[in-house]
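# My questions are about this predicted structure, shown below with the sequence.
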Amino acid sequence: MKILKWPHPALTTPAERIEAVDDAVRATAEEMLFAMAEARGVGLAGPQVGYGKRLICVNPTPGTPEGERVFVNPEIVSREGEATASEGCLSLPGINGKVTRAEKVVVNALDLEGKSVTVHADALLARVLQHEIDHLDGVLITQRFSAVDKAANARSLRALENAARTAGARR
Ligand SMILES: [Zn+2]
């Protein structure tokens, strides 16, 4: 399973709801957990691996599998406070900027057995959940950067676009 990079169109396409949590969904989740761990990421969303469905996995403590969780059709049902911190993204290598998000969120989702779960998250987990749910809506961190951070990352973003063009031309 390959993690797609900007400007792959899958990254800006909103993902569809998962109708049934079946073996195919569980198998995809397993692969995503593996890809996330391999990249030492704190989160990974379906669109980032070309899976256009509302499935995310998170692990605020990479390297320790105990922190791994998978959420199907996650939805933010409440937000509280505001926090700004620097963020990167596995689909945007070399890009980094400050993103302001809610400090705490409550997320409703299904687990891999199809049961409803509610997560009360703060700190890094709250940030990761908001970042991954953004991916499900086709939203990337670059859209949430300030004008200053957008300008600071413009060159790296263009480099990614040029790299994709070159790879495409070679095929
Ligand atoms: Zn990301």
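Now that the structure is in, tell me what you want to look at. Please read these numbers as outputs of a predicted model, since none were measured by experiment. Numbering: from 1, shown residues only.
# Just the CA coordinates for the helix or strand encompassing Thr84, please, in CSV.
If you go by DSSP states H and E, Thr84 is part of strand 83-87. Output of strand 83-87 as CSV, limited to C-alpha atoms (Å, rounded to 0.1, in the frame of the first residue of the first chain):
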residue,chain,number,x,y,z
ALA,A,83,-4.8,25.5,19.8
THR,A,84,-2.2,26.3,17.3
ALA,A,85,0.7,24.0,16.5
SER,A,86,3.0,23.0,13.6
GLU,A,87,1.8,20.2,11.4
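# for the residue positioned nearest the centre of the chain, helix, strand, or coil?
Nearest to the geometric centre of the chain sits Glu132, at 3.1 Å (Cα atoms, centre = their mean). Put simply, Glu132 is helix when judged by DSSP: H, G, I helix; E, B strand; the rest coil.
# What sits closest to it if chain neighbours are left out?
Using Cβ to Cβ, 6 or more residues apart in numbering and skipping residues adjacent in sequence, the residue nearest Glu132 is Ile56, 4.0 Å away. (Each C-beta comes from the backbone N, C-alpha and C, glycine too.)
# if we can go back for a sec, pull the distance from the strand holding Thr84 to the chain's centre.
15 Å (Cα atoms, centre = their mean, to the nearest Å).
# by contact count, what packs against it?
strand 97-101, helix 123-136 (3 or more Cβ pairs under 8 Å, 6 or more residues apart in numbering; DSSP states H and E).
# what's the most buried one of those?
helix 123-136 (a mean of 21; mean count of other Cβ atoms under 10 Å).
# how about the strands of this protein, start to end?
43-45, 55-58, 69-80, 83-87, 97-101, 104-110, 116-122 (DSSP state E).
# what are the pairing partners of the third one, and which direction each?
Same thing as strand 69-80. Using DSSP bridges, strand 69-80 pairs in its sheet with strand 55-58 (antiparallel), strand 104-110 (antiparallel).
# And the contacts of the longest one?
If I follow you right, that is strand 104-110. Strand 104-110 has contacts (Cβ atoms under 8 Å, 6 or more residues apart in numbering) with 18, 21, 71-81, 116-122, 126, 129-130, 133.
# Buried only: go through these for me.
18, 21, 71-74, 76, 119, 121, 126, 129-130, 133 (16 or more other Cβ atoms under 10 Å).
# now for the residues you listed, which pair is the farthest apart?
Val21 and Ala126 (24.0 Å; Cβ to Cβ).
# mind checking how far the lengthiest helix in the chain is from the chain centre?
Ordering each helix of the chain by length in residues (DSSP state H) puts helix 147-170 first. On the basis of Cα atoms, centre = their mean, helix 147-170 sits 19 Å off its chain's mean C-alpha point.
# the inter-axis angle of it versus strand 83-87?
30 degrees (axes from the mean of the first three to the mean of the last three Cα atoms, to 10 degrees).
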